[in-house]
Each structure stands twice: as C-alpha cells, then as structure tokens.
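Chemist: Here is my input, please return the structure:
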Amino acid sequence: MEIAPFYEPESGTWTYLLSDNTTHSAAIIDPVWVYNPVSGMADSTFVDKVLDSARQEGLQIEWVLETHAHADHLTAAGEIRRRIGARIACGRGICTVQATFARVFNMSGLATDGRQFDRLLGEGDHIKLGELEIRVIETPGHTNDSVTYLAGDAAFVGDTLFTPSFGTARCDFPGGNAGQLYDSISRIYRLPDETRVFFCHDYPKTGEQPASQITVAESRDSNIHIRTETTRDEYIAMRTAMDAQLGLPRLIMPSLQVNIQAGAPPPADNNGVVYLKTPFNRPVAELIRAALVKYAG
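Modeler: Purely as a prediction, here's the structure:
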C-alpha cells in the first residue's frame, strides 16, 4: 500500500492518492477543486497534479472517496469522473444533506436520494482496491454523512479529527452533534495504537509545514479537545461553547451547491451559463435553520 499526500493551501486541505502496489489500482480521497469566488473560476491545477502523479506511477484510479460533503472547498470528484471514469463513493447520510441544502438554495430539481454518486456507503461496507480492502465505519458528529476509510494501518478520518493543536471539527452544521462526534472519535481511539490517522485539514502557522498524519496513540495523548481522560459531558460542553463563536466557512455557499451533486455544478441556464446562488440580505445560517425546521415538520 502506498499513500501519497497532496496539500492544497488555499483551503488547508489534504488530498490523498491511495494505491495497491501489486495491481496499481488507486483511489483519490477528498480531492479539491480550487475555486475563486470573486472571478467565479474553478482552477484544476491542483487536481491535475494529483492525476499527473498517478499517471507517472502507472496507477489506475478506480474510486474517488469522499469522507463527507465539505463546506469549505469544492470537491473535484465530478471533474475526475468526467475525465477518467472513476466512480465516486460517499456516506449514505448524503441524502439528508442533499435534502437540507436543496431547501436552503431552493434547488427544486435536485434529486435527494444520492443518485449523483456511484455508491453510498454505510457501516461495515467494503471497497476492493486491487488486493487492498477498504473498510467503512460511520463517524458522524461533524456532519451526519461523515465516514472514515480504513485501509491496512491507515484511517482517513475526514474532519472528525484535526492535528492535536486544532483538536476536532465543529458540530453546528445541519446533522452535526457533539455527542455523536465524541462517540465517533472514541471508536477511532480504540483502533490499534500504531494506526495512522490521516487528516483532511491542517492550518500551519507561517513558516511551518502542514501535518498530514498522526498515530492513534499520539492523538489520544495530545489532542487539545479529546484525550483518554476527557468525558463525554466535558467534550459536549466544550464543543458547544466553541461552536457558538464560529462564523460560517468562506466558501460554504458555492461548496455545498456543488458537493451535494458529487462535484457537478448546477445545470446551465438558458443562456448556457452556469450560476451559483447567493442569497441577498438573508443570512445563510437563518436559511439553514428554516430548512431544518421544515424538515423536522
């Protein structure tokens, strides 16, 4: 098994190229499509670098694996599928995410059954990658579609865990739940001590290099939010208080309109131009709350 990390600095995101040495089958985990909200242009330079690396190594990319529907960057999953035919998989909770944000952005024609993805994954599912077997565990809490991919001694955890100095992900998005996140992290912490945890994000200080991984034992001992001795109630209180102070991600509006469609932009208007919606004079947080109330009803 080989794991090649690629860091995208604009969003502080790690993308991984996971491959089987024997068959050269490969998967890309959490690919980034860099987007400039001022110009409206999407730049494929970063994902080109990942695909070029795969070609140079003679790899056949079979899967694009999403750990969840990201709210801070656009996924390049759809672009990769369009170019090379790789299949896209994500957690089955994406259907609830689609239903919520279809209401937020009034995307009335959006199918909310996950059909935009080639496979919806649940607890205990497996994906074959050559002679590698990737096991799926559901790790909700940050979002309710969050999953972790286990391959050998590697766990790709998405936003469930960050580097020790950044702690853990926020839980105030729709479907987020601090208690669930504590339980999900506890599951990860019960993996063998030497298991390598691969992050989706890092935000290093100026002059420092971003970190892509840590062992389970190291995270359990040094994460500022949740360690061996942290109780569930302590974590919920801390995470809830922190989330109350957070603003929304800069790219939440374009990201979610694209990511809930497996990285495909909305259909073009009758002039042939694709537009992404931005609500005017209505806070996105208010629209999300209204969508959740309507869904609950």
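
Chemist: what about residue 173, neighbour count?
Modeler: Using other C-beta atoms under 10 Å, residue 173 has 23 neighbouring residues. For every residue, glycine as well, the C-beta is placed using N, CA and C.

Chemist: My reading is that it lies in a helix. Confirm?
Modeler: No. Counting by DSSP: H, G, I helix; E, B strand; the rest coil, residue 173 is not part of a helix but coil.

Chemist: wait, isn't it in contact with residue 145?
Modeler: No. With contact defined as C-beta atoms under 8 Å, residue 173 does not reach residue 145; the gap is 10.4 Å.

Chemist: Walking through the stretch 1-150 of the chain, point out its strands one by one.
Modeler: Taking DSSP state E, counting those that start in this stretch as the test, the strands found in the stretch 1-150 of the chain are 2-8, 13-19, 25-29, 32-36, 41-43, 60-65, 74-75, 87-91, 119-121, 126-129, 132-138, 147-151.

Chemist: Adjacent strands (with direction) for the fifth one?
Modeler: I take that to be strand 41-43. strand 32-36 (antiparallel) (DSSP bridges).

Chemist: Enumerate the positions of the partner strand that are buried.
Modeler: Of the residues in strand 32-36, those buried by neighbour count under the rule 16 or more other C-beta atoms under 10 Å are 32-35.

Chemist: ok, so of the residues you listed, who is nearest residue 76?
Modeler: The closest of the buried residues of strand 32-36 to residue 76 turns out to be residue 33 (C-beta to C-beta; 3.8 Å).

Chemist: Which strand residues bridge that closest one?
Modeler: Counting by DSSP bridges, residue 33 is bridged to residue 74.

Chemist: who's in contact with it?
Modeler: 42-44, 46-47, 73-76, 79, 258, 263 (C-beta atoms under 8 Å, 6 or more residues apart in numbering).

Chemist: Pick the one among these closest to residue 165.
Modeler: residue 73 (21.1 Å).

Chemist: So the closest one is in contact with residue 15, correct?
Modeler: No. Taking C-beta under 8 Å as the definition, residue 73 is not a contact partner of residue 15, at 10.0 Å.

Chemist: any low-confidence regions in this protein?
Modeler: 293-297 (pLDDT under 70).

Chemist: re the thing from before, just the buried residues out of the contacts of residue 33, in PyMOL syntax.
Modeler: Those of the contacts of residue 33 that count as buried under 16+ other C-beta under 10 Å are selected in PyMOL with:
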select buried, resi 42+46+47+73+74+75+76+79+258+263
